[in-house]
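Peer 1: generate coordinates for the sequence data below:
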Amino acid sequence: MVVDMSYALVSTQDDGPLQLRKLINLLKGEDIMTKINYTNAAIYNHAAQTFETNRYMIVDTDTGKIIETGEGKGPASVDETVDMKGKYVMPGIMNAHTHITSIPTYWWHDGEEDRHSDSREFNTMYAIRNMQDAINNGITYIRNVGAAYDIDMEIQKMQEKGMIAGPKVMTSGRAFTMTGGHGAGSGHEVDGVDEMIKGVRTAMKKGVDNIKLMVTGGVLKNGETPDDIQFNEDEVRAAVVEAHHKGKTVAAHVQGAEGVKEAARVGVDTVEHAFNIDDETIAIFREHGTTIVPTMNAMYAIYEYGENTVPDWARQKVIVNIEKHFASITKAAAAGIPIAMGTDAGTPYNGFESESAYEIQLYVEKAGMTPAQAIDTATINCARAMHVEAEYGEIAPGKYADFIAMTEDPIADISVIQREKDVYQNGVNVHRAVMTIEDQQMKQAEMQVAGR
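Peer 2: Purely as a prediction, here's the structure:
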């Protein structure tokens, strides 16, 4: 018997009688499905680009999925009804570019090299902290695109088993880089087509969901520039062919113009950063169905806050490229190129708290998107880029009930998403990291019945 214990770790609903009924049914070996009607909500409809008032949704907390939505109060034949009091409900925030083992306020204190020298245990504990910060701020799903020691794979398992609170995780393990290339301190160094093929196959054998390639140089390594090509077209193509053969996605760190074109031409699923986009690049994106993950806040945070802490060689690269970067994302958005929200969480002053919501705001303020378009980047667009749109990215039947609820309308003011919000995962309020006595008792009972 398999029992989902995640709600017991993080439930904050005042549902003592309901929990008792579930426990009785569980011990009797009977169906423990619980239907909750979240009613009196304004629910986001991405097709209409607006929040629709006087709506309800019914969630099966056993599967964690939405089974019905509609207008009005909804049916009374449910186990529990939750009055959302007119709150604005949208899918949980998805972040397509994170580094859960990175520490945004620590890694520059002792210089570039020291940030890669921490132990597996230290990186694991900090990843757990980042996961908690993320879920508390409405981030319900992340794609991690590079983790020291492949720790994101262990974090994924812990989250799935309900051992830690946090967003669901799509893993990449260690990023691939050339010998001495961008991210070499914590990445997997390969050179040439044969080593790339072997490395990608090995990563997939370990169970990664996505392959991350460092195709160009970048801002946060001394002695290189965003225009440096570090993997040639044959190497990138080899990775794409191997990954796609096994149904995996490929994300490419590319900043300079030629690197962006190279990666898109050979069929990577997403290009990360993309500082320099021209008309030729737009045409390549259209031809290959490429999605951009902008990470605008990674640049903005260093520009705004890093003058006295981030090394000057890094900040100067930001100063040279930030306007080109923002203009490129504006151009791509206007051209209708798919954009999926990603922050590069873990870079300086760019963590796992309100930064994802601020990235969404930057798309409105700096890239010319409407608030609804910006919301879509962090919901349905992310789900499509991550190939999980069948179950995530919308408030709709068959999708997981991962959502956030706000007291104000983010279409009217996009900054609302940064403020205090209710966070739900699998249909249960998860905006708390500790268990009540009742939660602990339920968890222990489930473990006993499940033979754990």
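Peer 1: residues of stretch 234-248 that come out buried?
Peer 2: 235-240, 242-243, 248 (16 or more other C-beta atoms under 10 Å). Every C-beta, even on glycine, is put in place using the N, C-alpha and C of the backbone.
Peer 1: give me the contacts around that stretch.
Peer 2: 176, 190, 192-193, 196-197, 200-201, 204, 208-211, 213, 215, 249-250, 252, 262-263, 266-268 (C-beta atoms under 8 Å, 6 or more residues apart in numbering).
Peer 1: with stretch 175-190 instead?
Peer 2: Counting by C-beta under 8 Å, 6+ apart, residues outside stretch 175-190 touching it are 101, 113, 115-116, 145-149, 173-174, 191, 196, 198-200, 203, 211-214, 216-218, 221, 224, 230-231, 235, 239, 253.
Peer 1: among those, name the ones in strands.
Peer 2: If you go by DSSP state E, the contacts of stretch 175-190 have 211-214, 253 in strands.
Peer 1: from those residues, which is closest to residue 361?
Peer 2: The nearest member of the ones in strands among the contacts of stretch 175-190 to residue 361, counting by C-beta to C-beta, is residue 253 at 23.8 Å.
Peer 1: find me the pLDDT at residue 119, would you?
Peer 2: Listed pLDDT for residue 119 reads 88.
Peer 1: measure how buried it is and give me the count.
Peer 2: A count of nearby residues for residue 119, using other C-beta atoms under 10 Å, gives 10.
Peer 1: and for the one 3 residues further on?
Peer 2: For residue 122, the count of nearby residues is 13 (other C-beta under 10 Å).
Peer 1: is it true that it lies in a helix?
Peer 2: Yes: with DSSP: H, G, I helix; E, B strand; the rest coil as the criterion, residue 122 is part of a helix.
Peer 1: so how far is residue 353 from it?
Peer 2: 20 Å (C-beta to C-beta, to the nearest Å).
Peer 1: cool, and residue 238?
Peer 2: 38 Å.
Peer 1: pretty sure residue 43 is in a strand, no?
Peer 2: Yes: judged by three-state DSSP, residue 43 forms part of a strand.
Peer 1: tell me the pLDDT of the nearest residue to it once chain neighbours are set aside.
Peer 2: Computed as C-beta to C-beta, 6 or more residues apart in numbering, the closest residue to residue 43 that is not its neighbour in sequence is residue 55, at 4.2 Å. Note for residue 55: predicted pLDDT of 99.
Peer 1: what separation do you get for residue 55 and residue 69?
Peer 2: Taking C-beta to C-beta, one finds residue 55 at 7 Å from residue 69.
Peer 1: give me the common contacts of these two.
Peer 2: residue 43.
Peer 1: kindly report the domain assignment for this protein.
Peer 2: 6-91+393-449, 93-385 (automatic domain parsing).
Peer 1: winner for burial among the ones you listed?
Peer 2: Stretch with highest mean neighbour count among the domains of the chain: domain 93-385 (a mean of 21; mean count of other C-beta atoms under 10 Å).
Peer 1: determine how far the last residue of that one lies from the first.
Peer 2: 14 Å (C-alpha to C-alpha, to the nearest Å).
Peer 1: please enumerate residues in contact with the lengthiest helix in the chain?
Peer 2: In terms of residue count, the longest helix belonging to the chain (DSSP state H) is helix 312-334. Residues from elsewhere that reach helix 312-334, judged by C-beta under 8 Å, 6+ apart: 219-220, 222, 225-226, 255, 273-277, 282, 285, 292, 294, 296, 299-300, 302-303, 306-307, 339, 363, 366-369, 373.
Peer 1: try stretch 124-132
Peer 2: 98, 100-101, 103, 147, 149, 151-152, 154-155, 158-159, 164-167, 345-346, 351-352, 433.
Peer 1: mind listing which of those residues are in helices?
Peer 2: Per DSSP H, these map to helices at 151-152, 154-155, 158-159.
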